[in-house]
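Visitor: Fold the following and give me the result.
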Amino acid sequence: MKKITVLVVDDSAFMRRMLQDMINSDPDIEVVAVARNGEAALKKTLELKPHVITLDVELYEENGLDVLTKIMAQCPTPTLMVSFATQKGADVTLEAVRRGAVDFIAKPSGQISLDIEVVKEELIEKIKRCREMDLRINGNLADNKHEERKRQADDDTKRRDPLRKIICIGASTGGPKALYEVITRFPKDLQAPVLVVQHMPSKFTKSLAERLNETSLCNVSEAVQGEIIQNGHVYIAPGGYHMTIKEDGKYLRIDLIDTPPLHGVKPAFDLLLQSLCPLNHDQFIIAILTGMGKDGAEGTKQLKKRTSCYTIAESRETAVVFGMPKMLIETVEVDEVLPIYRVASSIINQVY
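Guide: From the prediction side, this is the model:
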């Protein structure tokens, strides 16, 4: 089998060597070149046409965003952003995802010996998933987005108040871009709260919420312990905590719990869904988007046994990684399997 070829772009010689060693430890992947700046990165991309690029967010001579923009314009290549888990790094990384990067990984922390194996496993898995994707898909996601979003907002604000419903969305690899596609299409007065679990570190979920809030008609925020969930508001589970829901009289409140990771992730979508099982609602609308692993499938199964659930899985056509949607399809009877650009309208139809 032909090896997956990778170009590593980082201005630190130490980090280039570390990433190269981690990547080359897998027999199916090979680093064919390294670059220390944007000029070299673009030149080697055009010459070698690697299957995947790992790109440092904060290059010394030229920032990673500008380099990414040039690469996507001249030689579109699946790209993983590499960033330190700082607030600045999170902000820039999510802007890179908006500009075309597939996903990101956090650089090993100062205590490298403790987390290098975790980073290596994630890096290798994401490189393999990047190789499977088709970048042509991403160019079609936002077609007519503004026009459709405005039409949906005009139509949906005229509808009657619905029965009590809760929307739950789970995503992992490739999720930030998918969430932009879905959440920015919701009307301002959406008659349901939206609970989102995206597998990301803490500072990244805060940045994700802020960016979604800037571009969405609904209010979007990182979930806060004890707050009451309300219609028309999107709550992003904070990285490093599991987001669950507790009933408090006539209110439903966010309950953030600091228990061990589930399926290797924290937050976990399964734990959110399981916390909803005791609630008496007319319907839960569950959408599982792109991502590796099985998070959300078991929780959906448990919730469907107890109450009415409408389930949506993102289709292979647009999912960067079809793992989580595929597992949902194999675990429960899914109501719809849809490309990402049709998920929002399906959710809205169920709300009203």
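Visitor: From here on, just use CA atoms for contacts and neighbour counts.
Guide: Noted.
Visitor: who's in contact with the one helix or strand Val31 maps to?
Guide: Per DSSP states H and E, Val31 falls inside strand 29-35. Residues from elsewhere that reach strand 29-35, judged by C-alpha atoms under 8 Å, 6 or more residues apart in numbering: 3-11, 16, 20, 23-24, 41, 44, 50.
Visitor: Could you export that strand as CSV, CA atoms only?
Guide: C-alpha atoms of strand 29-35 as CSV (Å, rounded to 0.1, in the frame of the first residue of the first chain):
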residue,chain,number,x,y,z
ILE,A,29,2.8,7.4,6.9
GLU,A,30,6.0,9.2,5.8
VAL,A,31,7.2,12.8,6.2
VAL,A,32,8.5,13.7,2.7
ALA,A,33,9.7,17.2,3.6
VAL,A,34,9.8,19.8,6.3
ALA,A,35,9.6,23.6,6.0
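Visitor: Show residues contacting the next helix or strand after it.
Guide: Next helix or strand after strand 29-35 toward the C-terminus (DSSP H and E): helix 38-48. Helix 38-48 is contacted by residues 7, 9, 33-35, 59, 61-64, 67, 70-71, 74-75 when judged by C-alpha under 8 Å, 6+ apart.
Visitor: For the stretch 151-300 of the chain, give me the ranges with low pLDDT.
Guide: Scanning the stretch 151-300 of the chain for pLDDT under 70 picks out 151-163.
Visitor: circling back to that earlier point, drop anything exposed from the contacts of strand 29-35.
Guide: The neighbour count (16 or more other C-alpha atoms under 10 Å) marks 4-11, 16, 20, 23, 41, 44, 50 as buried among the contacts of strand 29-35.
Visitor: Can you add pLDDT and distance to Lys304 and give those residues back as a markdown table?
Guide: A markdown table is the format used below for these (pLDDT from 0 to 100; distance: C-alpha to C-alpha, whole Å):
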| residue | pLDDT | distance to Lys304 |
| --- | --- | --- |
| Ile4 | 95 | 40 |
| Thr5 | 96 | 43 |
| Val6 | 97 | 42 |
| Leu7 | 97 | 45 |
| Val8 | 97 | 45 |
| Val9 | 96 | 46 |
| Asp10 | 93 | 47 |
| Asp11 | 91 | 50 |
| Arg16 | 92 | 47 |
| Gln20 | 94 | 45 |
| Ile23 | 95 | 41 |
| Ala41 | 96 | 49 |
| Lys44 | 97 | 51 |
| Pro50 | 96 | 44 |
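Visitor: Pull the most distant pair out of the residues you listed.
Guide: Ile4 and Asp11 (22.8 Å; C-alpha to C-alpha).
Visitor: The stretch 151-300 of the chain: helices as residue ranges?
Guide: 175-183, 202-215, 269-276, 297-306 (DSSP state H, counting those that start in this stretch).
Visitor: The last one: how far from the chain's middle?
Guide: This points to helix 297-306. 22 Å (C-alpha atoms, centre = their mean, to the nearest Å).
Visitor: which helices and strands does it pack with?
Guide: Helix 297-306 is packed against helix 269-276, helix 323-331, with contacts defined by 3 or more C-alpha pairs under 8 Å, 6 or more residues apart in numbering; DSSP states H and E.
Visitor: re earlier: any idea which of the contacts of strand 29-35 is closest to Glu125?
Guide: Ile23 (10.0 Å).
Visitor: just to revisit the earlier point, could you redo the helices of the stretch 151-300 of the chain as JSON lines and give each row distance to Leu252 and mean neighbour count?
Guide: Below are the helices of the stretch 151-300 of the chain laid out as JSON lines (distance: least, C-alpha to C-alpha, whole Å; neighbours: other C-alpha atoms under 10 Å):
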{"stretch": "helix 175-183", "distance to Leu252": "21", "mean neighbour count": "22"}
{"stretch": "helix 202-215", "distance to Leu252": "21", "mean neighbour count": "20"}
{"stretch": "helix 269-276", "distance to Leu252": "10", "mean neighbour count": "23"}
{"stretch": "helix 297-306", "distance to Leu252": "17", "mean neighbour count": "18"}
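Visitor: who wins for proximity to Glu314 among those?
Guide: helix 175-183 (9.4 Å).
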